[in-house]
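> Whatever this is, show me its structure:
(chains A and B)
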Amino acid sequence: MSVLYTKSLTKRFDGIIAVKDVDFSLKQGEIRGIIGPNGAGKTSFVNLLTGRLAPDSGQIVFQGVDITSQPTWKRARLGISYSFQITNIYSGLTVFENVAIGAQMRIQQSSKSGLPFDQKSNLEEIVDSCLSLTGLDGSRAQLATELAYGHQRLLEIAINLAVEPVLLILDEPTQGLSVDEIEEFTDLLKGIRLNRTIILIEHNLPFVMNLADRVTVMDQGSILAENDPKAIQLDARVKAIYLGE
Amino acid sequence: MINNPSNRSVTLHISACLFLFLFSFILSDYHQLIITRIMILSIFALGYNVLFGYAGLLSLGHALFFACGFYAAGLPIYHLGWEVPFAFLFAIAISAVVATLIGAIALRTHGVAFMIVTLMFSQVAYLTTLHFSDITGGDEGLVLPEHARSFEIIGVQFDLTSPQTRYYIALGLLSVSVLAVYRWVNGGLGREWVAVRENESRTRMLGYNTFLIKLKAMIISGTLSGGAGAAYALMFAYIGSTFASIQYSIDALLYTLLGGAGTVLGPILGSFIMFYLIDFFSEYTTAYLLATGVILILLMLFFPLGVLGTLKKKWFHWIP
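Sure thing, here's the model as predicted:
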């Protein structure tokens, strides 16, 4: 069953078509890589999913609900969580407070929807579990701005995990990370995937091929190819846009 | 128990109120009057700080809310002969309504535009009080009638001409306001305000309706400011347009900046410092505002986050 699908989603910027007639479908629990050259429309496409951009036409359905015209915050409440390409954290607050803001939303949501919710989990527990998942337990009381860049990226993930998203969208998560850090990050994502559906937008092909169950290749606003990583790597069209063959 | 940061900060806030209580026994009438005024204006600053210090919204029009409570309490007493407690509650309710309406409009803007919109609303209110001077008394103002100088609640008589009584009422209102704000900013709502202040777009992406969060700050802030205005009018039995002027908006901002935005007690400390600086220098020179200005500049140089804000950052992280 698909968690999310789009139907002929289109977005234009002053005559340039950034996203063109995209039909996209995502299965529950899969990790999907979205790759493509610069300007292929990857980021515009996910901005349409999160509500940061409004589409010109087309439809977005998330868990059976048409969210095409819903504001960002409502989509986030439904479970779409977006991790920013440029690290976007609360730099003036402590690591704990950063994650607590996410955790508070999760508590509010579960108490409102009346979903079965472990009574014992409180804010601090949620925060601590997210911090230990991302290996930030030691930095609990530190100001976010004092963290090293790699750790800020981890904090970004921890904030997203705290809201317990259904769909986690990671925009260029490995950008600016060292080779070692990318390896740790890969392990982290494998550890947190559990039942989550994840979209990975990446330039780093080995990273995507290693993690993703399926890969979507975008070019000039459209989906060029979609398949499992192995087949994508052999696809002649993909080679053509990447290597200019 | 005193080592736990949250217990320590509760202790600090209760001690501050207790200190003001004990202080009343040794104060001369003159200082008692001044501190009564300061405490009422502190409530105004406390309300201002909810919006500015916690939610990060700089309003230049808070005199509007102060004046709203001020007139909503004073006018019905003067023209309709209402009782004091009823007028006070009425003023608070009206302030909440006005804050909701202004918030719903002004919060559609951000940054400088928000400052200008709030300033304009406030100026409109000020000019309105001048325009309808046959009702409001305009610049000259109105003196509230004799029947408004005392009131009764459950059999207890309060005499508003007694400095002692006024002092305790002001202290009571201030204590209630401090405890309420303390609870809000240390709870979930406070976390939401700070989240919006620090990074609004991130907060929206986490599922928060940031408009509603800001509106709540506006309502609480406006209601506290209106309550302060109502208390001021009732205690000193006078309503006049000066209190709606921009000077009062700037004062609230100054008290907050000086004492420390984003700390509960900061604005109170700020109003005490400002009042006594002016009081002190005006004994020696007619250029007291100049002297006060110099001191303020020095304070901001060495305490850029306000007195309490800087202390908090450097040494006492547990101050809320």
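> hey, where'd the strands end up in the chain?
Because you didn't say which chain, this covers chain A. In chain A, the strands defined using DSSP state E lie at A:2-13, A:16-27, A:31-35, A:57-62, A:65-66, A:80-83, A:167-171, A:197-201, A:214-219, A:222-227.
> The intended chain is chain B.
Under DSSP E, chain B gives strands at B:142-143, B:150-153, B:156-159, B:238-239.
> Distance from the last one to the middle of the chain?
Taking the mean of its C-alpha atoms, strand B:238-239 sits 18 Å from the chain's own mean (C-alpha atoms, centre = their mean, to the nearest Å).
> wait, A:P37 sits on A:A240?
No: A:P37 is beyond contact range of A:A240, at 10.8 Å (criterion: C-beta atoms under 8 Å). For every residue, glycine as well, the C-beta is placed using N, CA and C.
> Can you tell me which of the strands of chain B is nearest to chain A?
Among those, strand B:150-153 comes nearest to chain A, with 37.8 Å by C-beta to the nearest C-beta.
> Partner strands of the closest one, with direction?
Paired neighbours of strand B:150-153 in the sheet (DSSP bridges): strand B:156-159 (antiparallel).
> check contacts around the most centrally placed residue in chain A.
Centroid check for chain A by C-alpha atoms, centre = their mean gives A:I169 as the closest residue, at 1.0 Å. Counting by C-beta atoms under 8 Å, 6 or more residues apart in numbering or on different chains, A:I169 touches A:46, A:49-50, A:80-83, A:198-199, A:201.
> do the same with A:G221
Here A:G221 is in contact with A:17-20, A:22, A:40-41, A:44 (criterion: C-beta under 8 Å, 6+ apart).
> How about A:L224: what's its closest non-neighbour residue?
Leaving out its chain neighbours, the residue that sits closest to A:L224 by C-beta to C-beta, 6 or more residues apart in numbering or on different chains is A:V217, at 4.6 Å.
> What separation is there between the one you found and chain B?
For A:V217, the distance to chain B equals 26 Å [C-beta to the nearest C-beta, to the nearest Å].
> what stretches of chain B score poorly on pLDDT?
Low-confidence segments of chain B (pLDDT under 70): B:1-6, B:315-320.
> Minimum distance to chain A, which residue of it gives it?
Nearest to chain A in chain B, going by C-beta to the nearest C-beta, is B:G207, at a distance of 3.5 Å.
> you'd agree that residue is up against A:Q70?
No: using C-beta under 8 Å, B:G207 makes no contact with A:Q70, being 11.5 Å away.
> and these two? which has more neighbours close in?
B:G207 (23 against 17; other C-beta atoms under 10 Å in any protein chain shown).
> what sits against that one?
Contacts for B:G207 (C-beta under 8 Å, 6+ apart) come out as A:73-74, A:76-77, A:105, A:109, A:163.
> Of all pairs in the residues you listed, which one is the farthest apart?
Maximum pairwise distance among these (C-beta to C-beta): 13.4 Å, between A:K74 and A:V163.
> ok, the two, which is more surrounded?
Comparing A:K74 with A:V163 by other C-beta under 10 Å, the one with more neighbours is A:V163, at 27 against 16.
> How about that one: what's its closest non-neighbour residue?
In space, A:V163 is closest to A:G102, 4.6 Å off (C-beta to C-beta, 6+ apart).
> again, but for A:I89
A:A144 (5.0 Å).
> Who are the contact partners of the one you found?
A:A144 neighbours (C-beta under 8 Å, 6+ apart): A:89-95, A:98, A:152, A:155.
> ditto for B:R197
If you count contacts by C-beta under 8 Å, 6+ apart, B:R197 has them with B:54-56.
> Give me the buried positions along whichever helix in chain A runs longest.
The single longest helix within chain A, with elements called by DSSP state H, is helix A:95-113. Under the neighbour-count criterion of 16 or more other C-beta atoms under 10 Å in any protein chain shown, helix A:95-113 has A:95-107, A:109 buried.
> Among these, find the lowest-pLDDT one for me.
Among those, A:Q109 has the lowest pLDDT, at 81.
> contacting residues for it?
A:77, A:163, B:207.
> what does A:V19 give?
With contact set as C-beta under 8 Å, 6+ apart, A:V19 has these partners: A:9-11, A:41, A:44-45, A:48, A:55, A:221.
> hang on, the earlier thing: is it possible to get CSV of the strands of chain B that adds mean neighbour count?
Formatted as CSV, those follow (neighbours: other C-beta atoms under 10 Å in any protein chain shown):
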stretch, mean neighbour count
strand B:142-143, 18
strand B:150-153, 13
strand B:156-159, 11
strand B:238-239, 22
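> and the nearest residue to B:I219 once chain neighbours are set aside, what does it touch?
Nearest non-adjacent residue to B:I219, counting by C-beta to C-beta, 6+ apart: B:A99, 4.8 Å away. Residues near B:A99 by C-beta under 8 Å, 6+ apart: B:65, B:218-219, B:221-223, B:226.
> now do B:Y48
Contacts for B:Y48 (C-beta under 8 Å, 6+ apart) come out as B:59, B:62, B:221, B:225, B:252-253, B:255-256, B:267.
> Check these one by one and keep those near chain A.
Of the residues in the contacts of B:Y48, proximity to chain A by C-beta under 8 Å from any C-beta of the partner chain holds for none.
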